[in-house]
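Peer 1: make a model of this:
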Amino acid sequence: MTTNMRSQGVHGHDKSAGEDRPHGWISKCQGDRKGMDKLKKQTKRVILFGIDGAGTFFEQAETPNIDRIFKEGAVSNRTLTELPSISAECWGSMLHGVDCTMHGLTNSIAGSVPYPSDSPYPSVFRVIREAMPDAKLASFCDWRSVNKGIIEEGLGVYKYNAKDYDLIEPAIEYINENDFTLLYFQFDSVDGKGHRFGYGSAEHLEMITVNDGYIGRIVDAVEKRGWLSDTLILVEADHGGTPNNGEGGSHGGSTDAEKYVCFYAAGSNVCKTHLTNMRVRDTSPAILHALGIRQPDGWTGHVPEGLFADGMDEIPKTEKSCDIPPRTADVPMEENGKYLTAFADLDPVLYLPMEADGPFPEGTKRHGKLYFVDGIRGQGIRLEDGYLSMPCPSLTDGFSLICWVRPDASLKRGIIAGIGASVRNEDPEPVFCLSVGSDTVLLEEKGISAKPACPVKAAVPVNTAGKWIFLALTVDITNRKLTVWVDFDRVSVWDLPRDMRLPKDAGLFIGWEEADLSCCLAAVLDDFCICRKALDSADIKRFKEYYHR
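Peer 2: The predicted structure is shown next:
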């Protein structure tokens, strides 16, 4: 099976083994051994296998290696992950021992910004490094963002990035040459199959079996070194996902298939048991307990009850529940009537409620990874790793674009929507582009006027980061006016060029715009609508009442 994977082609890898450990670093996380002498220190090393997107689907797949390795170990098939159930949020909580709202990681942040080395919520790697300065630590990942922005820099962690099937041989070589303390893997291929074919599909389950083979090879290498008796072995997923809805699967929401994952543990101090009441943020506390290191005061994870034979009396505990934590903000509101019925007189030619089950118009294509998460009402769609494209309705006499958007705090600029034909043609059609950032809403109109060197460009200062905002853009051809509304207030009005024309047979890009594919939207989008009427103040007031604002 591994040979077949290799036949698909070898991908380049990025290997780094930074040894630039900081000098004179005063620990703020209190991750030391003080007070831990009573614990049985039978564990010298830990291996954590992270299987992206596997959820609880291990139970449906053929996993002979997991079955044999964890036959006498601890298992949980209902471990609660983070919400939204997205990779950075979930891996961040697994490795940092806290709720995702505390570490603040998203896919866009992890992929672009190093994790702060002085954060009060350190990774398990940093805690081990401060308690054991000479420990060998390594991270082998397919998804580069883990090594780039979830595990801190400057810890001397050996970091290796490559496709799943190209991680195994270098990892075995590392094992043969290093008596490690913590060895972490992030395999990404299972999640890729889930997005493409649906989670729980035959292709998805088959890839779990392939990953099971990787786990077997690594454990065999450890066994050949004579280390199995004092090594803690863990396998865990970050999230699950939904079945194929015609365009593949997705995740980010709170359905059982998305929010619950499997957790497996085996080692000399591990009890043979079925664990309950566990979260992914409890993984790092378990690792530290096994190594005899006290967890940081700032962590909110806990050693799972019943996991270890020596108990958990030395670990600080607080009450917790595995129910979905209540949201403290942005709770979806009850719908005041039906959207299309309420605004039928505005001629809504396109309405996207951004629910996982649609509806999306005929000809819609999903590009990359899309996540359905909590929206302003029901679900919204998170587009930072992908975008939507679809035919755009005819808008010859003007139009209005209405939507709700919640930008990430890290977002510098992301495109909500682009309307127009390909700008790569020799005679490009006009292009409208509406963008949002952490402090501005930007409208650009390219190629519309006879003077392309002087396009319409309107920037509206708005403090948008981390909160829902209502946006409406109206293009009134008759009166030559362009108006932007933010949170139901008219904030700017511009004159349109006299020679302005609108695209014919245009395409609509949501999340990206074909002229600028690098400008992705790190935000959640909901209730996206295009009307053929240029909205006025009375219309906007109706939207405000509809959303109970």
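
Peer 1: what residue ranges in the stretch 251-400 of the chain score low on pLDDT?
Peer 2: Filtered on pLDDT under 70, the stretch 251-400 of the chain yields the residue ranges 311-337, 358.

Peer 1: doesn't residue 125 fall inside a helix?
Peer 2: Yes - using DSSP: H, G, I helix; E, B strand; the rest coil, the assignment for residue 125 is a helix.

Peer 1: which positions in stretch 239-257 come out as buried?
Peer 2: Residues of stretch 239-257 classed as buried by neighbour count (16 or more other Cβ atoms under 10 Å): 239-242, 244, 247-254, 257. Any C-beta I mention is one placed from the backbone N, CA and C, and that applies to glycine too.

Peer 1: and the furthest pair within those?
Peer 2: Maximum pairwise distance in the buried residues of stretch 239-257, criterion Cβ to Cβ, is 20.4 Å, between 247 and 254.

Peer 1: residue 291 contacts residue 129, doesn't it?
Peer 2: No - using Cβ atoms under 8 Å as the test, residue 291 is too far from residue 129 to be in contact (11.9 Å).

Peer 1: and residue 160, how far from residue 183?
Peer 2: 11 Å (Cβ to Cβ, to the nearest Å).

Peer 1: more crowded one of the two?
Peer 2: Ranked by neighbour count (other Cβ atoms under 10 Å), residue 160 and residue 183 place residue 183 first, with 24 against 20.

Peer 1: so where does the more buried one fall, helix or strand?
Peer 2: Taking DSSP states H and E as the criterion, the element that holds residue 183 is strand 182-187.

Peer 1: quick one: list the elements packing against that strand.
Peer 2: strand 45-51, helix 124-131, strand 137-141, helix 168-177, helix 202-224 (3 or more Cβ pairs under 8 Å, 6 or more residues apart in numbering; DSSP states H and E).

Peer 1: can you list the strands that the third one pairs with?
Peer 2: Okay, so that is strand 137-141. Note on strand 137-141: by DSSP bridges, its sheet partners are strand 158-161 (parallel), strand 182-187 (parallel).

Peer 1: tell me the most buried of the ones you listed?
Peer 2: strand 182-187 (a mean of 26; mean count of other Cβ atoms under 10 Å).

Peer 1: just the CA trace of the next helix or strand after that strand, in PDB.
Peer 2: Using DSSP H and E, the helix or strand that directly follows strand 182-187 along the chain is helix 189-197. Coordinates of the C-alpha atoms in helix 189-197 are reproduced here as PDB (Å, rounded to 0.1, in the frame of the first residue of the first chain):
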ATOM      1  CA  SER A 189      -3.800  12.600   3.500                       C
ATOM      2  CA  VAL A 190      -6.800  11.300   5.300                       C
ATOM      3  CA  ASP A 191      -8.300  14.800   5.500                       C
ATOM      4  CA  GLY A 192      -7.600  15.300   1.800                       C
ATOM      5  CA  LYS A 193      -9.600  12.200   0.900                       C
ATOM      6  CA  GLY A 194     -12.400  13.400   3.200                       C
ATOM      7  CA  HIS A 195     -12.600  16.800   1.500                       C
ATOM      8  CA  ARG A 196     -12.500  15.200  -2.000                       C
ATOM      9  CA  PHE A 197     -14.700  12.200  -1.500                       C
END
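
Peer 1: in helix 189-197, what's buried?
Peer 2: So for helix 189-197, counting by 16+ other Cβ under 10 Å, buried means 189, 190, 191, 192, 193, 194, 195, 197.

Peer 1: the last one - nearest residue in space that isn't next to it in sequence?
Peer 2: Across the structure, with Cβ to Cβ, 6 or more residues apart in numbering as the measure, the residue nearest residue 197 apart from its sequence neighbours is residue 203 (4.2 Å).

Peer 1: which residue is nearest the middle of the chain?
Peer 2: In the chain, the residue lying closest to the centroid (Cα atoms, centre = their mean) is residue 86, at 3.3 Å.

Peer 1: now the common contact residues for residue 160 and residue 183.
Peer 2: Taking Cβ atoms under 8 Å, 6 or more residues apart in numbering as the contact rule, residue 160 and residue 183 both touch 138, 140, 171, 174.

Peer 1: if I look at the nearest residue to the third one once chain neighbours are set aside, how far off is residue 279?
Peer 2: Think residue 171. Leaving aside its sequence neighbours, residue 171 sits nearest to residue 140 (Cβ to Cβ, 6+ apart; 5.0 Å). Using Cβ to Cβ, residue 140 is found at 24 Å from residue 279.

Peer 1: these two: which is more packed in?
Peer 2: The neighbour comparison of residue 140 against residue 279 (other Cβ under 10 Å) goes to residue 140, with 27 against 24.

Peer 1: quick revisit: please report the distance of the residue nearest to residue 171 from residue 161.
Peer 2: 8 Å.

Peer 1: what do you get for residue 84?
Peer 2: 25 Å.

Peer 1: restricted to helices, list the buried residues of stretch 239-257.
Peer 2: Among the buried residues of stretch 239-257, the residues falling in helices (DSSP state H) are residue 257.

Peer 1: what about residue 133, neighbour count?
Peer 2: Neighbours around residue 133, by other Cβ under 10 Å: 10.

Peer 1: quick check: pLDDT value at residue 460.
Peer 2: Per-residue confidence (pLDDT) for residue 460: 57.

Peer 1: check the separation of the first and last residues in stretch 353-367.
Peer 2: 18 Å (Cα to Cα, to the nearest Å).

Peer 1: actually stretch 531-549, not the one I wrote
Peer 2: 21 Å.

Peer 1: avg pLDDT for that stretch?
Peer 2: Here the average pLDDT along stretch 531-549 is 91.

Peer 1: which parts of that stretch are buried?
Peer 2: For stretch 531-549, using 16+ other Cβ under 10 Å, the buried residues are 531, 532, 533, 534, 535, 539, 540, 543, 546, 547.

Peer 1: sorry, back to before: check contacts around the residue nearest to residue 197.
Peer 2: Residue 203 neighbours (Cβ under 8 Å, 6+ apart): 193, 196, 197.

Peer 1: which of the residues you listed sits closest to residue 373?
Peer 2: residue 196 (20.0 Å).
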